[in-house]
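**Student:** Sequence first, then the predicted structure:
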Amino acid sequence: MPARTVLQQADITRALTRISHEILESNRGPENLVVMGIPTRGVILAARIGAMLAEISGTVVPSGSLDVTMYRDDLGRNPTRVPSPTEVPPGGIDGKTVVLVDDVLYSGRTIRSALDALGAIGRPSIVRLATLVDRGHRELPIRPDFVGKNLPSATNERINVHLLEIDGDEFVTIEESEGGE
Amino acid sequence: MRHLLSTRDLSRDETITILDVAEDMADVAEREVRKVPALRGKTVVNLFFEDSTRTRISFEAAAKRLSADVINFSAKGSSVSKGESLKDTAQTLAAIGADAVVIRHGASGAPHVLANSGWIDAAIVNAGDGTHEHPTQALLDAFTIRRRLHGADSRGHDLDGVSVTIVGDILHSRVARSNAWLLTTLGASVTFVAPATLLPIGVENWPVEVRYDLDIALAAKPDVVMMLRIQGERMHAAFFPSAREYSRIWGLDDERLAVLAADSIVMHPGPMNRGLEISAAAADSPRSTVREQVANGVSIRMAVLYLTLSGEGGKQ
């Protein structure tokens, strides 16, 4: 089955803009906000949301990256994963409102690892979760606070997120995967 | 990576992966909680048949920061002194359920035997075997050089064009052997400087240049000068007339320190014989990376344990 495009570049930009407004609304302004992306594509999305928050509110909102590899619960079940760098913004995350950003929310296990990884860096006062695509099939009691697009999917389908900074083009597609997940 | 037995069979890409993962591990050491759960439930045995301070505590710290359980075994005070063979010791460790064995042994090739014998199905990490190899030391040396050259921007870099001069007891040095292979794989050029009696047979077939005069070698302004320890415990013959003569001809003293280029660095794998192969001023100067090497050793060993033990049952 061919891949079906569900979000174009303009849709992605609109979704991120809306998420940025929603973050500011729920936080009642840009105070104490830190945006942390989960590698690889979450980091790009976090940087974009950080820039949008700054543009909308006129205040600099720090963004960084949070590697969760060494906190995963499936390290022994998959080929060795090579970790990515974690970059904590200069102000740290203690007492801040941290918005975690990932491209696709699926089982929720990555986010569980991210919560553990966050705890090793500091103690945020609030943690929120933003995701570009929520495809369902949660395996843990985790829910997103800000969603770009709800995309009901079957477990044998793949969601591909392409972003300009990494892939050179930008869209979200859904396709049936051959071997299954 | 299944085992780490020698640097000779590491490719350039594999080496850079290990060094890059070590950068991530170094970040862990700077966090509020200096521990990650990556190897929870794994057992690492430090099997040391030879004395060691920094390598053993470095591996122990590395395993603990990855949440592995650590069993320390030293030959002294164990059944080895009652005559237990390596095979029986290995099978005992297998029965205990060791996932990785970090082995230091006086016999060259002992880790290789352990990895290929079928006595034990664990990841084997060579922590120094006889006069053969000491791969994690070479990796941490490469890591230290790369960090001095590129700072926080080290990820992905090799050592192309870096000149490294290794001075002293090459004959007995597993550090020199591991470094010769690893540093040249990364693109550095390696020069050995030693008295002819302390050079191994066949050194002309190694990918290194050999010199006998330290002053000529230093006049070429190498980027890195690595001093090796004179290994008294392995010197069963007279390799040089006296310690004093060695120190005058092949030691890094204050005058030779002054000849070095402003940004060149001085390395030593430790433990140092101050006043013999290296002067106190050289060991304590800002060029010296001796303490950085120890700190970086933990990051490198975390990377090696992580890469050998994570993944499907620790296997690939």
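**Tutor:** Here it is on my side, so go on. Computed from a prediction, not measured in an experiment: that's the story for all the values here. Numbers count the residues shown, from 1 in each chain, chains lettered A, B, ... in the order given.
**Student:** what does the model give residue 36 for pLDDT?
**Tutor:** All of this refers to chain A. Among the per-residue scores, residue A:36 holds a pLDDT of 97.
**Student:** my question was about chain B
**Tutor:** Residue B:36 carries a pLDDT score of 94 in this model.
**Student:** cool, and residue A:179?
**Tutor:** Each residue has a pLDDT score; the one for residue A:179 is 58.
**Student:** Could you pull up the residues touching residue 165?
**Tutor:** I'll assume chain A. With contact set as CB atoms under 8 Å, 6 or more residues apart in numbering or on different chains, residue A:165 has these partners: residue A:44. From N, CA and C alone the C-beta is placed, and that goes for glycine too.
**Student:** My question was about chain B, not that one.
**Tutor:** Shown in contact with residue B:165 (CB under 8 Å, 6+ apart): B:190, B:191, B:192, B:193, B:217, B:218, B:220, B:222, B:224, B:225, B:226.
**Student:** quick one: which of those sit in strands?
**Tutor:** Using DSSP state E, the members of those that fall in strands are B:190, B:191, B:192, B:193, B:224, B:225, B:226.
**Student:** Sort out which one of those lies nearest chain A for me.
**Tutor:** Within the set of the ones in strands among the contacts of residue B:165, residue B:224 lies nearest chain A; the separation is 25.8 Å, counting by CB to the nearest CB.
**Student:** So that closest one is in contact with residue B:268, correct?
**Tutor:** No: using CB atoms under 8 Å, residue B:224 and residue B:268 do not qualify as a contacting pair, with a distance of 11.3 Å.
**Student:** okay, now residue A:154: neighbour count?
**Tutor:** 12 (other CB atoms under 10 Å in any protein chain shown).
**Student:** Leaving out sequence neighbours, find the closest residue to residue A:57.
**Tutor:** Nearest-residue entry for residue A:57: residue A:30, 4.0 Å, with adjacent residues in sequence omitted and distances by CB to CB, 6 or more residues apart in numbering or on different chains.
**Student:** For that neighbour, what are phi and psi?
**Tutor:** Recorded main-chain torsions at residue A:30 are phi -90, psi 0, according to degrees, to the nearest 10.
**Student:** For it, which residues are in contact?
**Tutor:** Residues A:24, A:53, A:54, A:57, A:59, A:61 are the ones in contact with residue A:30 under the rule CB under 8 Å, 6+ apart.
**Student:** Could you dump the residues you listed into TSV with distance to residue B:62 and pLDDT added?
**Tutor:** Compiled in TSV, the contacts of residue A:30 are given as follows (distance: CB to CB, whole Å; pLDDT from 0 to 100):
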residue	distance to residue B:62	pLDDT
A:24	43	97
A:53	39	97
A:54	40	97
A:57	44	95
A:59	42	95
A:61	36	96
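**Student:** Which single one of those residues is nearest to chain B?
**Tutor:** When the contacts of residue A:30 are compared for distance to chain B (CB to the nearest CB), residue A:61 comes out closest, at 22.4 Å.
**Student:** Name only those of the ones in strands among the contacts of residue B:165 that count as buried.
**Tutor:** For the ones in strands among the contacts of residue B:165, a burial check counting by 16 or more other CB atoms under 10 Å in any protein chain shown picks out B:190, B:191, B:192, B:193, B:224, B:225, B:226.
**Student:** Now do the phi/psi pair for residue 142.
**Tutor:** Chain wasn't specified; assuming chain A. Taking degrees, to the nearest 10 as the convention, residue A:142 sits at phi -130, psi 140.
**Student:** which residues sit in contact with it?
**Tutor:** A:108, A:111, A:112, A:129.
**Student:** Brilliant, that's me finished.
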